[in-house]
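Undergrad: Any chance you could fold what I've pasted below:
(chains A and B)
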Protein chains: 2
Amino acid sequence: MTGVLTIVGLGPGDPRYLTPAAAEALASATDIVGYGPYVDRVPERPDLRKHASDNRVELDRARFALDLAAKGASVAVVSGGDPGVFAMAAAVFEAVENGDPSWRGLDIRVEPGITAMLAAAARVGAPLGGDFCAMSLSDNLKPWEVVEARLRAAVAADFTVALYNPISSARPWQLGAAFEIVAETRGPDTPIILARAVGRTDERIRIVPLAEVEASMADMSTIVIIGASTTRLIERPESATPYVYTPRSYGVRP
Amino acid sequence: MTGVLTIVGLGPGDPRYLTPAAAEALASATDIVGYGPYVDRVPERPDLRKHASDNRVELDRARFALDLAAKGASVAVVSGGDPGVFAMAAAVFEAVENGDPSWRGLDIRVEPGITAMLAAAARVGAPLGGDFCAMSLSDNLKPWEVVEARLRAAVAADFTVALYNPISSARPWQLGAAFEIVAETRGPDTPIILARAVGRTDERIRIVPLAEVEASMADMSTIVIIGASTTRLIERPESATPYVYTPRSYGVRP
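TA: Reported below is the predicted structural model:
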């Protein structure tokens, strides 16, 4: 087999976040496979075939891409952010493990990207400056009990926590439940960052204390960052937005 | 004050990982401040002043950069990887909070970058495909008891764990102790990824089962990724390196 499959991280919406390595992978592809809005972000070329799908069929999409590559195509599977973080890379490898044995001989590469929590953190300061966890709040692929246990463990150990997939019309109550779990341990002033559509023209970023946060402040395009007990606001003059950061030191005098 | 200070993520060593947004920030700077090897990665320009320091003086470096910006310079503070992840951004905001009150009026921006765990994960497959934590194993800025408690919590809750700053000549035993903590809970076949100097010419990546891993396999330039209980190897034909991935689903049939 001579096909190549590269799983490419497009980063947040702004093309200024697309790495040159990722851009090269897109430029050398014969076929682009992915969720429609991500496929749309790849520049058109006369010899480029685009295969867009909706966002519910990750494994089917992965198998389709692997089959194209096995037939000799140079396929780029595109993801927003980083493909290895709650995105397409794990779906592709799951398809490889459980699919046609010949797929294991394919040259499968991953091109990393700026994942949403890094872009969101950069917009407000350095909230991920200490130890942190990244969790998907979706209970489509794991039981809610596992989500809840992990969130409790992360909060108890005082990690900053980035929540991917916080809410959707099919999962309306989980984010509110997560905030309640956090409030059992963290103080009411804990900064919560709600970063929507980072890098896109409709970007909106809010910093809200835990006591005032509501699940309705987030939507499918939002990443939520929950501060650690040490995460702090730096107030600024003339009502400029405060900076938010988590100090590097913990429990010792810096 | 008219100065600007941007904390710029250079990504891993390969310039193909530097985002266009970060490259723009470097191109518009009058002064580059940072640890020597990172400053060296910024292309020379006749009108560009470079201020390199060693890697032990982050707060001093931050104050120096803030002072330059307060005097009207356009300063880029450079970090490898992402500046918000165990790098310079938190040090700069710590200096702002505790320093000259006028610094709060400065325009301080952060340009995100590809952090080491994302680049390392991409090289081997998708080990961060499920929930994960990122921790610094250094006990310079937090007591070892905190490191240990967080690692135990992360392992007990079955997160994949990325360990930054795993070892140095001044911290020789901590990584071995961390592997012992992990081995109390995780099985001997748990994949451990040791990724050294990702994106540099001297890159070296090993995948070793927990039962065989040794702290001496890592150095200061290594990031260590500890698989979750579900992290798996996909064996490949003709002794190709196996792929490593963590399935998206957990405790449910996919």
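Undergrad: Who are the packing partners of the helix or strand harbouring A:Val39?
TA: Per DSSP states H and E: A:Val39 is located in helix A:36-40. With contacts taken as 3 or more CB pairs under 8 Å, 6 or more residues apart in numbering or on different chains; DSSP states H and E, helix A:36-40 sits against strand A:49-53, strand A:74-79. To be clear about C-beta, it is placed using only N, CA and C from the backbone, and glycine gets the same treatment.
Undergrad: now the strands for the stretch 51-200 of chain A?
TA: Taking DSSP state E, counting those that start in this stretch as the test, the strands found in the stretch 51-200 of chain A are A:74-79, A:107-111, A:125-126, A:132-136, A:160-164, A:191-196.
Undergrad: could the ones you listed be laid out in CSV, adding distance to chain B and mean pLDDT?
TA: Shown next, in CSV, are the strands of the stretch 51-200 of chain A (distance: least, CB to the nearest CB, whole Å; pLDDT from 0 to 100):
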stretch, distance to chain B, mean pLDDT
strand A:74-79, 11, 97
strand A:107-111, 4, 97
strand A:125-126, 4, 98
strand A:132-136, 4, 98
strand A:160-164, 9, 98
strand A:191-196, 12, 98
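Undergrad: and of the helices and strands packed on helix A:36-40, who's closest to A:Ala177?
TA: Between A:Ala177 and those, the shortest gap by CB to CB is with strand A:74-79, which sits at 27.5 Å.
Undergrad: show me where pLDDT drops low in chain A?
TA: Low-confidence segments of chain A (pLDDT under 70): A:1, A:55, A:253-254.
Undergrad: That one - how does it break down into domains?
TA: By the assignment in automatic domain parsing, chain A contains the domains A:4-114, A:117-245.
Undergrad: chain center to the first one: distance?
TA: Offset of domain A:4-114 from its chain centre (CA atoms, centre = their mean, to the nearest Å): 16 Å.
Undergrad: Among the helices and strands packed on helix A:36-40, show me which one is buried the most.
TA: Comparing the helices and strands packed on helix A:36-40 by mean neighbour count (mean count of other CB atoms under 10 Å in any protein chain shown), strand A:74-79 ranks first with a mean of 28.
Undergrad: quick one: strands adjacent to it?
TA: Sheet partners assigned to strand A:74-79 using DSSP bridges are listed as strand A:4-9 (parallel), strand A:31-35 (parallel).
Undergrad: Looking at those strands, spot the one closest to A:Leu66.
TA: In terms of CB to CB, the element of the strands paired with strand A:74-79 nearest to A:Leu66 is strand A:4-9, at 6.4 Å.
Undergrad: quick revisit: list the contacts of the helix holding A:Val39.
TA: For helix A:36-40, the external contacting residues (CB atoms under 8 Å, 6 or more residues apart in numbering or on different chains) are A:10, A:32-33, A:50-55, A:78-80.
Undergrad: So which of the strands of the stretch 51-200 of chain A is nearest B:Ala87?
TA: Judging these by CB to CB, what sits closest to B:Ala87 is strand A:125-126, at 8.8 Å.
Undergrad: how about the helices of the stretch 1-150 of chain A, start to end?
TA: A:20-27, A:36-40, A:58-70, A:88-98, A:116-124, A:144-156 (DSSP state H, counting those that start in this stretch).
Undergrad: I'd like the ones you listed laid out as a markdown table, including mean neighbour count.
TA: Shown next, in a markdown table, are the helices of the stretch 1-150 of chain A (neighbours: other CB atoms under 10 Å in any protein chain shown):
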| stretch | mean neighbour count |
| --- | --- |
| helix A:20-27 | 19 |
| helix A:36-40 | 16 |
| helix A:58-70 | 21 |
| helix A:88-98 | 25 |
| helix A:116-124 | 27 |
| helix A:144-156 | 19 |
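Undergrad: could these go into a markdown table alongside distance to B:Val208?
TA: Listed next are these as a markdown table, based on distance: least, CB to CB, whole Å:
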| stretch | distance to B:Val208 |
| --- | --- |
| helix A:20-27 | 27 |
| helix A:36-40 | 35 |
| helix A:58-70 | 28 |
| helix A:88-98 | 19 |
| helix A:116-124 | 28 |
| helix A:144-156 | 26 |
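Undergrad: Looking at these, which is nearest to B:Asp14?
TA: Of those, nearest to B:Asp14 by CB to CB is helix A:20-27, at 7.2 Å.
Undergrad: What is the closest one packed up against?
TA: When contacts are defined as 3+ CB pairs under 8 Å, 6+ apart, helix A:20-27 packs onto strand A:4-9, strand A:74-79, strand A:107-111.
Undergrad: Show me the contact partners of the second one.
TA: Meaning strand A:74-79. A:3-10, A:25-26, A:28-35, A:38-39, A:41-42, A:61-62, A:65, A:68-69, A:83, A:87-89, A:92, A:113.
Undergrad: One more: the first one?
TA: Under the contact criterion CB under 8 Å, 6+ apart, strand A:4-9 has outside partners A:19, A:22, A:25-26, A:29, A:65-66, A:68-69, A:74-84, A:87-89, A:92, A:106-115.
Undergrad: Closest residue of the stretch 101-250 of chain A to chain B?
TA: A:Gly129 (2.8 Å; CB to the nearest CB).
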